[in-house]
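Engineer: predicted model, plus sequence, below.
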There are 2 protein chains.
Amino acid sequence: MRLSAEAVAAATLDFQRRFGNRAVTSDAVRAQHAHTLTWIENQPPDIVVFAESESEVQDAVKIAAQHRLPIIPFGTGSSLEGHVNAPMGGVSIDLQGMKKIIAVHPEDLDCVVEPGVTRKELNEYLKSSGLFFPIDPGADASIGGMVATRASGTNAVRYGTMKDNVLALEAVLPNGEILTTARRAKKTSAGYDLTRLLVGSEGTLGIVTKITLKLSGLPEAVSAGVCPFPDVESAANATILTIQSGLPVARIELLDEVQVRACNAYSKLSLPEQPILFVEFHGTEASVAEQSERFGEIAAECGGGTFEWATKPEERTKLWEARHNAYWAATTLRPGTKGISTDVCVPISRLAECVAETKADIEASGLIAPIVGHVGDGNFHCLPLIDMSSETEIANAKAFITRLVERALAMEGTCTGEHGVGQGKMKYLEPELGKPALDAMRLIKQAFDPLNIMNPGKIVSFGT
Amino acid sequence: MRLSAEAVAAATLDFQRRFGNRAVTSDAVRAQHAHTLTWIENQPPDIVVFAESESEVQDAVKIAAQHRLPIIPFGTGSSLEGHVNAPMGGVSIDLQGMKKIIAVHPEDLDCVVEPGVTRKELNEYLKSSGLFFPIDPGADASIGGMVATRASGTNAVRYGTMKDNVLALEAVLPNGEILTTARRAKKTSAGYDLTRLLVGSEGTLGIVTKITLKLSGLPEAVSAGVCPFPDVESAANATILTIQSGLPVARIELLDEVQVRACNAYSKLSLPEQPILFVEFHGTEASVAEQSERFGEIAAECGGGTFEWATKPEERTKLWEARHNAYWAATTLRPGTKGISTDVCVPISRLAECVAETKADIEASGLIAPIVGHVGDGNFHCLPLIDMSSETEIANAKAFITRLVERALAMEGTCTGEHGVGQGKMKYLEPELGKPALDAMRLIKQAFDPLNIMNPGKIVSFGT
């Protein structure tokens, strides 16, 4: 399926004619566009085009389609499953130049943005409006990339995932046409839910060029804190009870003692080196106080404590920065290694069991694999740190991950709560959903993209 | 596309062989299965099959596919846009015999049900668990039907629509295979969102046979009441302010003075005959009191009042029954007429304008058309009552509806907030979403259902 060097050269010429010096073929830029936070090998595209408008995306897609050249949309490169790799070569369309915040409608609690806007840029822009965009995957990802992977993160337990926070999309289809998926109304029953079909489609059906997002009101009051537990199981049990009792916790994050140690070193904290929950409550002064008190009771009941509140905003920021840097902190535990990201998500009733079994498996396997998790959703990551020059270590880690996924599936869970399938999780999709689901996805892919040029080799593959 | 009488007879014989006296061809049963709460003419299927299990649905689908006979899934027949009509004949698969509540997982706040369970049956079953299923379209619709139309209703402003409350589905595909769309985990990024693709697909892609639903905790406290306003515009303005100020109102429903008059007569109430808002708040005792007080202030600011609280549960029930019977009440305003349902939904900032202009249009057109609305979502229904024997009246009503839809579209709204497209709104889809969206829907339909046997002639049409 990779084009001949001549065919690539011909396509490159067309891109250069249209985009001038915004069509780049240097090794460094190509490699950078295949670089993701992943252990999967770097597979650079043949060329990178920096698009600055929807019509430029259309032109780039049309040129690629004419040459049958694979197209890989690029946001900030913070995806974790090889989504921006170019296994068959092709053109990476870099959307970071599309940074317009087209409209903010405070009265409707929504906004319209281009895909290259990052979540931090958007929230910075919204600062004075009393509104914010709550989805927070940690990395300062682009909104387009977050749409593509159906991102979620720490706030999802309260505010939902990208599927819940996108009202409408515009996307350039493989044939160059512009698809509008919905209007700006808050709800609709107008035909198939094309919005939700594109959310999570990882650039395999089209390139998202305009996004209408729901916004939320900034909470009147926020309280956050840290609660240590004797073991991961009791921390998970406290999480389960919190969710079951209907406490509208905004964030509830587990870090195991290995991860806490890493965060202490990396972020210069002095957290107790045992499993902890980071929690945050949003609401009115009164409701936040009520929620905090109830959570304190639940934690104590599960053997946790003492709860420490971060009362000042700067303390809260420091805590959450440490949480967001958990990935980087983890990788310092074994310098020179790579972290292989995992992302299982199980029904909350099975969480304690799943985390505890995984912890035991890590120990039995002799791995260093810190655990962090958005446990309010039943979602956790454990990150085996692997010397990529050792085939034994790689094989050991891969076997561990397969067991982890099988464990989650046996508990009615999923192999990926929020990172997406990309290249890394393709093999788990059929065990998880069965052949009819894979066939259905393949049919959709073929219907949208008969030439198979949109990010081929991701999610499902077809053709040759 | 309608089969010959001989072909239908051959198919009927196969259905009778497999289903015995649960394959019915009597006129009464056929007509009843095309009867919906709609002004669209009754188009009965050739045969009705009463399925009692997923494997029976599979068998029925296989027989139909073999004969190329259209298949129309049937829940309770409470849809409003001709969804259960059989414009090309075919077999109606009645799913009311599939009433198993397969599992309730209180610890995960979810349950698994068959499609024939109605929302009231489910809530009755859940009564002692402290949980409830919040989606309430008024009618005691089947859960399968609610999935199919992406139903919402009075609670959607707080609890979302069916798209937000379905975790996973099983469906029999047109080829007889069983599709599983997702696992029971609370979130997932495992490939295309097949769950959301089926929610709202109106039986055109497959027949939903198993539904995993999110449940919510029964609120500790509920308060509800009625607030009159001098005109619909000020009621809409109070709604807008309520939503914008972030009040988590559970229900906020507008009835105009025409509808109030009808409800007073039909439900034996003595509400002030002016535009009113029905509101309901859910939460703890303290938060409900706080919400009610803040709403009272907003209402007063917009010229509304005096607010009357329904403190006793039986008063609340009476109010909401009246709201739910609004459709029936409305039809008594002009006995012998039919109500043509409308369902526009606009961004909330445009609601007051849209309702006021519509009200003026009703008056100018000489129509009797009461207005009720889930105004917290920007969604309202107005119901022109039409003498179906008068071509002038029909033409007048149709012209009014076209203007209403055009008005909503011009305000970035949709022709259908919750009823679905069915037969009645097909012509508005392209003006609303554009040709690429319709093409995409058609491609999906063709990919799933190449024989075009799944509820043909609904949402999008293709082929002959």
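Structural biologist: Received the coordinates, thanks.
Engineer: contact partners for the residue nearest to residue A:139 when sequence neighbours are not counted?
Structural biologist: In this structure, residue A:139 finds its nearest non-sequential neighbour in residue A:78, 3.8 Å apart by CB to CB, 6 or more residues apart in numbering or on different chains. Heads up, the C-betas are built off the backbone N, CA and C, glycines and all. Counting by CB atoms under 8 Å, 6 or more residues apart in numbering or on different chains, residue A:78 makes contact with A:36-37, A:137, A:139-141, A:145.
Engineer: what lines up beside the helix or strand hosting residue A:227 in the sheet?
Structural biologist: Assigned by DSSP states H and E, residue A:227 falls within strand A:221-228. The sheet places strand A:221-228 alongside strand A:276-283 (antiparallel), strand A:308-310 (antiparallel), with pairing taken from DSSP bridges.
Engineer: by mean pLDDT, show me the worst of the ones you listed.
Structural biologist: Per-segment mean pLDDT for those reaches its minimum on strand A:308-310, at a mean of 85.
Engineer: list the contacts of it.
Structural biologist: With CB under 8 Å, 6+ apart, strand A:308-310 has contacts from A:223-227, A:292, A:316, A:318-319.
Engineer: quick one: residue A:137 and residue A:147 touch, right?
Structural biologist: No - with contact defined as CB atoms under 8 Å, residue A:137 does not count as touching residue A:147 (11.7 Å).
Engineer: pick out whichever of those two has more residues nearby.
Structural biologist: residue A:147 (28 against 25; other CB atoms under 10 Å in any protein chain shown).
Engineer: so which elements touch whatever helix or strand the more buried one lives in?
Structural biologist: Residue A:147 is located in helix A:143-149, with elements delineated by DSSP H and E. Other elements packing on helix A:143-149 under the criterion 3 or more CB pairs under 8 Å, 6 or more residues apart in numbering or on different chains; DSSP states H and E are helix A:119-126, helix A:162-165, strand A:207-214.
Engineer: anything in the shortest one near chain B?
Structural biologist: To tie it back to what came earlier, the one meant is helix A:162-165. Yes - residues of helix A:162-165 contacting chain B under CB under 8 Å from any CB of the partner chain: A:163-164.
Engineer: rewinding a little: out of the contacts of residue A:78, grab the one that's most surrounded.
Structural biologist: Going by other CB under 10 Å, residue A:145 tops the contacts of residue A:78 with 30 neighbours.
Engineer: tell me the SS of the closest residue to chain B within chain A?
Structural biologist: Here chain A gets closest to chain B at one residue, residue A:196, 3.5 Å apart by CB to the nearest CB. At residue A:196 the chain is in helix, as set by DSSP: H, G, I helix; E, B strand; the rest coil.
Engineer: contacting residues for it?
Structural biologist: Applying CB under 8 Å, 6+ apart, the residues near residue A:196 are A:163, B:163, B:193, B:196-197.
Engineer: try 6 Å
Structural biologist: A:163, B:193, B:196 (CB atoms under 6 Å, 6 or more residues apart in numbering or on different chains).
Engineer: how many neighbours does the first one have?
Structural biologist: If I follow you right, that is residue A:163. By other CB under 10 Å, the residues close to residue A:163 number 23.
Engineer: leaving out sequence neighbours, find the closest residue to residue A:430.
Structural biologist: Nearest one to residue A:430, counting by CB to CB, 6+ apart, is residue A:438 at 5.2 Å.
Engineer: may I have the helix or strand containing that neighbour as CSV, with CA atoms only?
Structural biologist: Using DSSP H and E, residue A:438 falls within helix A:435-448. Written as CSV, here are the backbone C-alpha positions of helix A:435-448 (Å, rounded to 0.1, in the frame of the first residue of the first chain):
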residue,chain,number,x,y,z
LYS,A,435,-16.6,-9.8,14.8
PRO,A,436,-19.9,-8.2,13.9
ALA,A,437,-18.8,-4.9,15.5
LEU,A,438,-15.5,-5.0,13.7
ASP,A,439,-17.3,-5.8,10.4
ALA,A,440,-19.6,-2.8,11.1
MET,A,441,-16.7,-0.5,11.7
ARG,A,442,-14.9,-1.7,8.6
LEU,A,443,-18.1,-1.1,6.5
ILE,A,444,-18.4,2.4,7.9
LYS,A,445,-14.7,3.0,7.1
GLN,A,446,-15.1,1.7,3.6
ALA,A,447,-18.3,3.8,3.0
PHE,A,448,-16.6,7.0,4.1
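Engineer: please point out which parts of it sit buried.
Structural biologist: A:436-448 (16 or more other CB atoms under 10 Å in any protein chain shown).
Engineer: nearest to residue B:151 among those?
Structural biologist: residue A:440 (23.2 Å; CB to CB).
Engineer: so what's the closest one up against?
Structural biologist: Residue A:440 neighbours (CB under 6 Å, 6+ apart): residue B:194.
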